[in-house]
Structure formats: structure tokens, C-alpha cells
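[1] The following block contains a protein sequence and its predicted model.
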Amino acid sequence: MWTLQVTSSRETLLSHCWHYRDSSILHGGKLVSVRLNNLSLTQIGSIEHLMWVQMLDLSYNALRSISGLEAMQVLSCLNLSNNYLSSFTALDPLRQLKSLKVLDISHNEIGGHPIDTTMLFSIVSHSDS
């Protein structure tokens, strides 16, 4: 079985990165986005090279778990659409992401059947507990 090591080197990861300038964003108006979509990823491996990412697109993969994403503390926008997430408990690692504002989990298998409606929602606040 062939395995893609997207974050195995700085050069490989940089090919998936985009920098956006937006004057409304704090800290110099720079937003970093990484697209790891449509790569048939089945798991999230080591994310030490992704700690600075603010927007992450993991759509159109084969993810059943998002364990490890809880370490991405500056992540504000996450696209998990079109994967194989089967329950809301699979999303538990996201509870620790205090900066997360936008999450797309459309077209997953939550509840034992594919979700066909777009479930793009904004997380307004997080509890401190």
C-alpha cells in the first residue's frame, strides 16, 4: 500500500501552502492556509509542521479520526467535508481549539448515514471547562 507523506519535509508541505493578505486580520494581516484535500488521507500523522496554520482544508479524504488536530491552537477555519467521520464524538479533539471559528463537516457519515446538507457553522464561543 502506498502512503503519502505530505508533512514529511518542509518542501513537500510548502507545496500545499497559501498565504493570504487581509487587512482585517490581526498580526500583520497574514493568514496561512494549507490545502491537503483530495489526497486519500486516512489519518492525520505528525502535525508539528502545521502548528502555524490558520486555515486547513482536509476535505475529500478518507479520514475517520481527527486525533492530533487539538494541538493546532491558532487554527480558525477547518474543512472536514467529504470524509468518513461517523459521529460527533469523533469531533471531540476540536473542543480544545479556542481559535476555531468556522467548521465544515458536510457530507460525512455522522449518525450512520451520509449528511447531504451543508453543516457549515460558526463556533461563537467556547466554554472554559
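    Great, that's in hand.
[2] for this protein, what are the low-confidence residue spans?
    Counting by pLDDT under 70, the chain has low-confidence residues at 1-31, 112-129.
[3] Would you map the helices across it?
    In order along the chain, the chain carries the following helices (DSSP state H): 10-14.
[4] Do you have the strands of it handy? List them.
    Secondary structure of the chain (DSSP state E): strands located at 17-21, 30-35, 55-57, 77-79, 102-104, 120-122.
[5] Quick one: list the elements packing against the third one.
    Put plainly, it is strand 55-57. Here strand 55-57 touches strand 30-35, strand 77-79, going by 3 or more Cβ pairs under 8 Å, 6 or more residues apart in numbering; DSSP states H and E. (C-beta placed from N, C-alpha, C; glycine too.)
[6] And the ones you listed: which comes nearest P93?
    Taking Cβ to Cβ, strand 77-79 is the member of the helices and strands packed on strand 55-57 nearest to P93, at 10.7 Å.
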